[in-house]
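Asks: What follows is a predicted protein model with its sequence.
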Amino acid sequence: MYFSKLFVPTVKEDPSDAELISHKLMVRSGMIKKTAAGIYSWLPLGLKVLKKVEEIVRKNLNNFDAEEILMPMVQPAELWKESGRYGEYGKELLKFDDRSNRGFVLGPTHEEIICEIFRSHPKSYKDLPVNLYQIQTKFRDEIRPRFGVMRSREFLMKDAYSFDIDEKGLVKSYGKMKDAYISIFDEIGLDYRIVKADSGNIGGDISEEFHILADSGEDLIAVSDSSDYAANVEVLSYDKDPSELEGKKSPDGKGKLKIKRGIEVGHIFQLGQKYSQAMNVGVKDMDGNSIHPFMGCYGIGVSRIVAAAIEQNHDDRGIQWPDKITPFGVNIICLDPESDEIMKVCSEIYSILQKSGFDPLLDDRDIRAGIKFKEHELLGIPYSIIIGPNNFKNTKLEFGIRAQNEKIDIKLDDIKKYLGEKYD
RNA sequence: CGGGGCAUAGCGCAGUCUGGUAGCGCACCUGGUUUGGGACCAGGUGGUCGCAGGUUCAAAUCCUGCUGCCCCGACCA
């Protein structure tokens, strides 16, 4: 993409209504625009990142045998009354009537719908396990939305639901999803922990959360300093002061606990039969008896991951995107777009990189060099190739690495090789 | 929902206490000089001062009500 054709409304000053660094940077880099409290529009740059995260999630789930579907955001109140959550879920559930006064809700989660879909097609144990997921906009009327897309009312979520004939199958499906999550978060490239969690209002027995570590995280998690043990302090401290946990022996017997802050970006649950019972979902077992299948549900906050990635990867100049979710792979900064010969080299490099799949951006705008450098740092594209009159004469270029704020001279012919190494 | 704060040009703000014809910076447009780190000079565009009522000769400013937004708390996949 040529920068001159992009709609990226950058802003020099921090927005007055943002507190968190990721929120400030997302607004300043023109990724998002607030439409109402906790409700955001995604602009081209932000949407590109969101789509990349979404695609990593989709690809890995497909690899682990989950099937994608798309359920409605508007759901009949009837189904929520049937599960008992219509009254129970609380004010987060946005309720409204259609023109004929039929009650509806805006879906904050989809257990009711998935059960309704599943039960309307008679199944036997032979058809299980089934694992269905969707990536969809959710709405939760949060008491207090805050921090930009980190805790918004409308947000993009991946939610998956598994059905098994028995507990043993559920444990297996759950384990498989956990493995899928591990490959997702490994691929995205953020520092995260899997923590034991309180299953909260969704219900069920066993649940684990995936947390991206960041000082601004809203959750406190206790991690062992010498094993991979980690737990949300909610499940450890009861009424005690979380700081008392610091330095205590880890419950798994290995090492001592340290308190860290995390951003919850994934949550996996073994629901058991809670919803299949409430929603009267039946499956025939080997003896021909109808039983309620064992369900699991698995969420990932796709839009929240974008904000969390910035919380974990920024400096005082702007964002530093991880390679896998950057809006552009490399920024070719042309310092003299008026010069035909310099632009020619730039566009040649551009098309080579594009063909090689590096998703290049070419800053061809006729503006001062300083602005291009500042905006490049703000936008956080991991690599830059700087081509201007000075280095052009020597048939040399500068290669910039955003994470290190460092530039090195390289030969034109070596660019592809250098980027190739970086990407592999 | 309790406590606190804010609302004036696209963005960030001053002006409000003490009422008197709305201002600054950035951005944007013109021209010129510049041109490897958010340039400079000159000129210019842009506002029913959140909304509705009230007080007054006169309201951004005082009074009443409402709405929106932010922060702290409770709550939360």
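Replies: Received the coordinates, thanks. Residues are numbered from 1 along each chain as shown, chains lettered A, B, ... in the order given.

Asks: Only C-alpha atoms from now on, for both contacts and neighbour counts.
Replies: Will do.

Asks: which other helices and strands contact the particular helix or strand that has A:Lys33 in it?
Replies: Secondary structure assignment for A:Lys33, by DSSP states H and E: strand A:32-36. Judged by 3 or more Cα pairs under 8 Å, 6 or more residues apart in numbering; DSSP states H and E, the packing partners of strand A:32-36 are strand A:39-42.

Asks: Show me what counts as buried in the strand holding A:Lys33.
Replies: For strand A:32-36, burial by neighbour count (16 or more other Cα atoms under 10 Å) applies to A:Ile32, A:Lys33.

Asks: what does that strand contact?
Replies: A:Met26, A:Val27, A:Tyr40, A:Ser41, A:Trp42, A:Leu43, A:Gly46, A:Gly148 (Cα atoms under 8 Å, 6 or more residues apart in numbering).

Asks: what's the spacing between stretch A:323-332 and its chain's center?
Replies: Its chain's C-alpha centre and that of stretch A:323-332 lie 17 Å apart, by Cα atoms, centre = their mean, to the nearest Å.

Asks: check whether the lengthiest strand in chain A contacts RNA strand B.
Replies: Longest strand in chain A, counting residues (DSSP state E): strand A:257-272. Yes: using Cα under 7 Å from any atom of the strand, we find that strand A:257-272 touches RNA strand B at A:Val265, A:Gly266, A:His267.

Asks: which stretches of the stretch 101-250 of chain A form helices?
Replies: Shown for the stretch 101-250 of chain A, the helices assigned by DSSP state H, counting those that start in this stretch span residues A:111-119, A:167-188, A:234-237.

Asks: Which one of those helices lies nearest to RNA strand B?
Replies: With Cα to the nearest atom of the strand as the criterion, RNA strand B lies closest to helix A:234-237 of the helices of the stretch 101-250 of chain A, at 9.9 Å.

Asks: in the closest one, what's buried?
Replies: By 16+ other Cα under 10 Å, the buried positions in helix A:234-237 come out as A:Glu234, A:Leu236.

Asks: do stretch A:64-76 as well
Replies: Neighbour-count burial for stretch A:64-76 flags A:Phe64, A:Asp65, A:Ala66, A:Glu67, A:Glu68, A:Met71, A:Met73, A:Gln75, A:Pro76 (criterion: 16+ other Cα under 10 Å).

Asks: Roughly how far does A:Cys334 sit from RNA strand B?
Replies: 9 Å (Cα to the nearest atom of the strand, to the nearest Å).

Asks: So what sits opposite that residue in the bridge?
Replies: Taking DSSP bridges as the rule, A:Cys334 bridges to A:Ile387.

Asks: does it really touch A:Asp363, like I thought?
Replies: Yes: if you go by Cα atoms under 8 Å, A:Cys334 and A:Asp363 touch, sitting 5.8 Å apart.

Asks: Now the common contact residues for the two.
Replies: Common contact partners of A:Cys334 and A:Asp363 (Cα under 8 Å, 6+ apart): none.

Asks: what pLDDT, on average, does stretch A:324-338 get?
Replies: Mean per-residue pLDDT for stretch A:324-338: 96.

Asks: Going by contacts, tell me the helices and strands next to the helix or strand following the longest strand of chain A.
Replies: Using DSSP H and E, the helix or strand that follows strand A:257-272 in sequence is helix A:274-278. Secondary-structure packing of helix A:274-278 (3+ Cα pairs under 8 Å, 6+ apart): helix A:77-83, helix A:111-119, strand A:294-301.
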